[in-house]
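>>> The following block contains a protein sequence and its predicted model.
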Amino acid sequence: MAEVLLFLTYLGVILLIGILTAVLSRKVKLPNILLLILVGILLSNVTYKNAPLIWFPELFLSAISILALVMIIFDSSSRFKLRSLDILSLNTLSLSIIFLILNMIFLSLSLIFIFKIQSIFLALIFSALMAGTDPGAVLTMLKGAKARVFDFLKLESLLNTPLIVLLPFIILDLKNSLKGELVISQFIDQIGPFLQQFVVGIGAGVLVGLIMFKFMKKEYSTVLSPLAMITAALLTYIIAENLKGNGVLAVTAMGLLFGNIYLKQKFQLQEFSLVFSNSLEILVFILIGLIIKIPLSFDFFLKSSVLFLIYIIIRYFSIVISLRKLKFNFKERVFMALNAQKGIAVAVVAFSLANLNIEGMDVILNLILAFMLYSIILSTIVIRFSKFFVSVQVEK
């Protein structure tokens, strides 16, 4: 009983610190997620009797990571409307795909060369995850500001989030199937089981979604409908994983189904999903800073900074290649290239990977956390000088 109370105390303290940090971020006009991560890093270096002051059991961290992962995947995929695809959306999707491909080629090779990563799969996981963007936390600093570039960055985040959350786990499943070795004969042998994960995952997501949404179509309950939605998302992941399918893909399929069918009070359900997902942000961002021990050495920061510079260059050329027809000027392209900040989706995936105990993953996790900090700090600085890059209209 004493140990349970201790963990509940830790949890209460973290949530309290997170709330105070959110208030502070508004006062000092800095992104909340940046301060939350820094608080987590600070807490990780506080010890008592030669032991970490705050510590959680691995089982608790794994459960929190899965719950957060499921909710973020469902919330992001449910907001993807197939019927709303227009020319701007298609160009945005083109940027997401081209940026992802160039990342997985050039950023992976740079990572292997600079940090001597032995596993191509780990390099691909990192590169795929870094293709994700989330400008919302920083753009909120520009209250009432309007610009075509801002709308484009928000749309890019909406479209690339389901992809970058799903892809690292697909690569991880492929790595486990091939036992970490990219051998052609083994690859061919694993095509069947690998495709089976796709079929089972999509099938589980669609099946659970159809059953649950059929009942939800009949009537809406302020209390039960949101609870049923969360339960359905969690059950989808659990069923798919128990059937040897891809749980992340299952939740993605269910979210897409939810976002593209008619349901009573769908907006209220999505808002509840967003609030529930956002409530996990405080815990996730502080815990990711708490459990990932980023090296405080000059060598690491130098190498990671060089890698981040390469990443920004890749993003700029991705924008140039994919957005030729939209006629963004040079300053606007630079502004978009520099605004590639990472948000809750990347944090949740990193949090989940940190609880899998994969050999060689420590370096990848350190780099993910470093890139999160670099991208948020850079975006915050660029936003301060946004009028230099873009023509901003302020709503009155």
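Okay, I see it. The structure presented is a predicted model; accordingly, all values stated were derived computationally and were not measured.
>>> where do the strands sit along the stretch 51-200 of the chain?
Taking DSSP state E, counting those that start in this stretch, the strands of the stretch 51-200 of the chain run over residues 145-146.
>>> Not counting sequence-adjacent ones, nearest residue to the residue nearest the centre of the chain?
Nearest to the geometric centre of the chain sits residue 345, at 1.7 Å (Cα atoms, centre = their mean). Spatial nearest neighbour of residue 345, chain neighbours left out: residue 161 (4.8 Å); criterion: Cβ to Cβ, 6 or more residues apart in numbering. Where C-beta positions appear, they are placed from N, C-alpha and C, glycine not excepted.
>>> Please apply the same query to residue 285.
residue 36 (3.7 Å).
>>> Is that neighbour in contact with residue 21, as I believe?
Yes. Counting by Cβ atoms under 8 Å, residue 36 does reach residue 21; the two are 5.6 Å apart.
>>> residue ranges with poor pLDDT in the stretch 51-200 of the chain?
For the stretch 51-200 of the chain, applying pLDDT under 70 flags the ranges 81-88, 136-146, 179-194.
>>> do that again at 80, thanks
Low-confidence segments of the stretch 51-200 of the chain (pLDDT under 80): 51-53, 58, 75-91, 135-148, 150-151, 154-155, 158-159, 161-163, 173-198.
>>> which residues of it fall in helices?
58-78, 87-102, 108-115, 120-129, 136-139, 148-178, 184-189, 191-218 (DSSP state H, counting those that start in this stretch).
>>> Mean neighbour count, those helices: which tops it?
helix 120-129 (a mean of 24; mean count of other Cβ atoms under 10 Å).
>>> now for that one, which elements pack on it?
helix 108-115, helix 148-178, helix 344-354, helix 361-384 (3 or more Cβ pairs under 8 Å, 6 or more residues apart in numbering; DSSP states H and E).
>>> Tell me which of these approaches residue 322 most closely.
For the helices and strands packed on helix 120-129, proximity to residue 322 was assessed by Cβ to Cβ; helix 148-178 is nearest, at 10.3 Å.
>>> Helix 344-354 and that closest one, what's the angle between them?
If you take axes from the mean of the first three to the mean of the last three Cα atoms, to 10 degrees, helix 148-178 sits at 20 degrees to helix 344-354.
>>> Which neighbouring elements make contact with helix 148-178?
Helix 148-178 packs on helix 58-78, helix 87-102, helix 120-129, helix 136-139, helix 191-218, helix 247-259, helix 330-338, helix 344-354, going by 3+ Cβ pairs under 8 Å, 6+ apart.
>>> The second one packs against which elements?
Going back to what we said before, that points to helix 87-102. Partner elements for helix 87-102 (3+ Cβ pairs under 8 Å, 6+ apart): helix 148-178, helix 298-322.
>>> Go again with 10 Å.
Using 3 or more Cβ pairs under 10 Å, 6 or more residues apart in numbering; DSSP states H and E, the elements in contact with helix 87-102 are helix 120-129, helix 148-178, helix 298-322.
>>> again, but for the fifth one
The contact analysis (3+ Cβ pairs under 10 Å, 6+ apart) places helix 191-218 against helix 148-178, helix 224-242, helix 247-259.
>>> anything in contact with each of residue 36 and residue 21?
Counting by Cβ atoms under 10 Å, 6 or more residues apart in numbering, the shared contacts of residue 36 and residue 21 are 282, 285, 286.
>>> immediately after the helix or strand harbouring residue 5, which helix or strand?
Secondary structure assignment for residue 5, by DSSP states H and E: helix 2-28. Using DSSP H and E, the helix or strand that follows helix 2-28 towards the C-terminus is helix 32-44.
>>> and that next one, how far from the chain's centre?
17 Å (Cα atoms, centre = their mean, to the nearest Å).
>>> Between helix 361-384 and it, find me the angle.
Going by the same axes, to 10 degrees, helix 32-44 makes 140 degrees with helix 361-384.
>>> Could you look up the SS state of residue 328?
Three-state call for residue 328 (DSSP: H, G, I helix; E, B strand; the rest coil): coil.
>>> burial measure for it, as a count.
19 (other Cβ atoms under 10 Å).
>>> Off-centre distance for the helix holding residue 5?
For helix 2-28, the distance to the chain centre is 22 Å (Cα atoms, centre = their mean).
>>> Output stretch 330-346 as CSV, restricted to C-alpha atoms.
Presented in CSV, the C-alpha positions along stretch 330-346 are these (Å, rounded to 0.1, in the frame of the first residue of the first chain):
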residue,chain,number,x,y,z
PHE,A,330,11.9,32.2,-51.1
LYS,A,331,11.3,33.6,-47.6
GLU,A,332,8.1,31.6,-47.2
ARG,A,333,9.9,28.4,-48.2
VAL,A,334,12.6,29.1,-45.6
PHE,A,335,10.0,29.9,-43.0
MET,A,336,8.3,26.5,-43.7
ALA,A,337,11.6,24.7,-43.7
LEU,A,338,12.6,26.1,-40.3
ASN,A,339,9.1,25.3,-38.8
ALA,A,340,9.4,21.5,-38.5
GLN,A,341,8.8,21.3,-34.7
LYS,A,342,7.8,18.0,-33.2
GLY,A,343,4.7,17.6,-31.0
ILE,A,344,2.7,15.0,-29.1
ALA,A,345,2.7,12.4,-31.9
VAL,A,346,6.5,12.2,-32.0
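>>> Show me which residues of that stretch are buried.
Within stretch 330-346, the residues that count as buried by 16 or more other Cβ atoms under 10 Å are 332-346.
>>> Tell me the one among those residues nearest to residue 199.
Looking across those and measuring by Cβ to Cβ, the closest to residue 199 is residue 345, at 25.0 Å.
>>> mind checking pLDDT for the closest one?
Reported pLDDT at residue 345 in the predicted model: 82.
>>> Please apply the same query to residue 266.
At residue 266, pLDDT is 66.
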